[in-house]
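Asker: sequence and predicted model, in that order:
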Amino acid sequence: MEAYNITTMTQFTLIGLSDLPEVRYPLFVVFALIYQITLLGNGAILLAIGIEKKLHTPMYFFLANLSILDISCPSATVPKMLENLLTEKNNISFVGCALQLYFLVALAGTEVFLLAVMAYDRYVAICFPLHYTLIMTWVRCIQLTEGIWAAGFLNSLIHTVATFNLTFCKSNQVNQYYCDIPPVVALSCSSTYVAEMLVLVIGGVLGVGAYLVTFISYIYIISTILKIQSGEGKRKAFSTCASHLLVVCLFYGTTIFTYIRPSSSQHSPASDRLIAMLYGVITPMLNPIIYSLRNTEVKGALRRAFCGRTLSQQGGY
């Protein structure tokens, strides 16, 4: 068996989609379409928030950050995957793999923290509506946003350094369509204890902390909504957080199965790739669809933005 180590390894081979050579062109078309929908959908959300003054609120400020993450996260993996499908060259350089893993974990971590902050924002809005503007000031919103982005990228730096300080000698074939912690760690012939413990302890503590903030916020939100007497009042209150709740369920459902387990556990590589596909490609596409379908203010802003643009273009003829 050919040996690799940290000093001589120059590239990895991404084999996540290499077992489907007969459908690589259809897959290229499907993933290119999904990626374009993701960019257009999240771009439309950003456009609506940017041009509609009514959406210049903390809730939509955080939603804009979510759209930026949903553009950035697939952009870290999908272009390389499309290149590999088109050229049948499944290689990625050592540095390229490290950078891909770093940005993917950083963006995913930032999204975990952002969803918690968004849940807290809805908690304050529904449970303490009279004090909302005093608590969720613009200064506090910016501080929270800066904090979650910094925490996400610092957390990823720790995991990336720990992962790529391992010695790789089993193989250079990553059993995934992008570089991620579990499939890269699985290639090491040195002890993976530290790298795995960092995922379970640091990732677990931060992830569980963010999850608890989200979960407890929604316990109080639902409890407060149930106490509202009128059905119309309940509907309006729930409509302000329904989209976010759907996004939270979708995100945590795929993330837990992707990361919260040791690499030595028994699981199917095919199921891993499917879950990773949902987590890395499908979810960012669905988030703007969920918000545009469930949120009347976003729908109205998008309608005015595109209808106004169409009318102005027609008026120029």
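Answerer: Now that the structure is in, tell me what you want to look at.
Asker: what comes up buried for the host helix or strand of Leu144?
Answerer: Using DSSP states H and E, Leu144 falls within helix 138-164. Under the neighbour-count criterion of 16 or more other C-beta atoms under 10 Å, helix 138-164 has 141, 144-145, 148-149, 151-153, 155-156, 159-160, 162-164 buried. Any C-beta I mention is one placed from the backbone N, CA and C, and that applies to glycine too.
Asker: quick one: low-confidence ranges for the stretch 1-150 of the chain?
Answerer: For the stretch 1-150 of the chain, applying pLDDT under 70 flags the ranges 1-8, 18-20.
Asker: go again with 90.
Answerer: Low-confidence segments of the stretch 1-150 of the chain, defined by pLDDT under 90: 1-11, 13-28, 30-31, 44, 47-48, 50-55, 81, 83-91, 108.
Asker: which SSE is immediately downstream of the lengthiest helix in the chain?
Answerer: Counting by DSSP state H, the longest helix found in the chain is helix 94-127. Counting by DSSP H and E, the element after helix 94-127 in chain order, helix or strand, is helix 132-135.
Asker: list phi and psi for Phe128.
Answerer: phi -130, psi 60 (degrees, to the nearest 10).
Asker: how much space between it and Ile221?
Answerer: 11 Å (C-beta to C-beta, to the nearest Å).
Asker: same thing with Cys179?
Answerer: Distance from Cys179 to Ile221, by C-beta to C-beta: 37 Å.
Asker: which of these two has more neighbours?
Answerer: Cys179 (27 against 23; other C-beta atoms under 10 Å).
Asker: wait, what's in contact with that one?
Answerer: When contacts are counted by C-beta atoms under 8 Å, 6 or more residues apart in numbering, Cys179 touches 12, 14, 92, 96-98, 100-101, 104.
Asker: and Leu206, how far from Pro79?
Answerer: To Pro79, Leu206 is 28 Å away according to C-beta to C-beta.
Asker: quick one: which of these two has more around it?
Answerer: Set side by side, Leu206 and Pro79 show more neighbours around Leu206, with 17 against 13, by other C-beta under 10 Å.
Asker: neighbour count and distance to Leu212 added to the contacts of Cys179, as a markdown table?
Answerer: A markdown table is the format used below for those (neighbours: other C-beta atoms under 10 Å; distance: C-beta to C-beta, whole Å):
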| residue | neighbour count | distance to Leu212 |
| --- | --- | --- |
| Phe12 | 25 | 36 |
| Leu14 | 24 | 35 |
| Ile92 | 22 | 36 |
| Gly96 | 14 | 36 |
| Cys97 | 24 | 33 |
| Ala98 | 18 | 31 |
| Gln100 | 22 | 30 |
| Leu101 | 24 | 27 |
| Leu104 | 23 | 24 |
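Asker: kindly indicate which of these lies nearest Ser67.
Answerer: Distance to Ser67, by C-beta to C-beta, is smallest for Leu104 among these, at 17.5 Å.
Asker: any figure for the gap between the closest one and Lys234?
Answerer: Where Lys234 is concerned, Leu104 sits at a distance of 39 Å (C-beta to C-beta).
Asker: and the strands in the stretch 201-317 of the chain?
Answerer: Using DSSP state E, counting those that start in this stretch, no strands are assigned anywhere in the stretch 201-317 of the chain.
Asker: where does it have low pLDDT?
Answerer: For the stretch 201-317 of the chain (pLDDT under 90), the answer is 201-209, 211, 224-317.
Asker: what about the helices in the chain?
Answerer: Using DSSP H, the helices assigned to the chain run over residues 24-51, 58-75, 78-87, 94-127, 132-135, 138-164, 181-185, 193-198, 204-227, 231-259, 269-277, 283-294, 296-315.
Asker: burial count for the residue nearest to Ser156 when sequence neighbours are not counted?
Answerer: Excluding its sequence neighbours, the residue lying closest to Ser156 (C-beta to C-beta, 6 or more residues apart in numbering) is Ala106, at 3.6 Å. Residues contacting Ala106 under the criterion other C-beta under 10 Å number 24.
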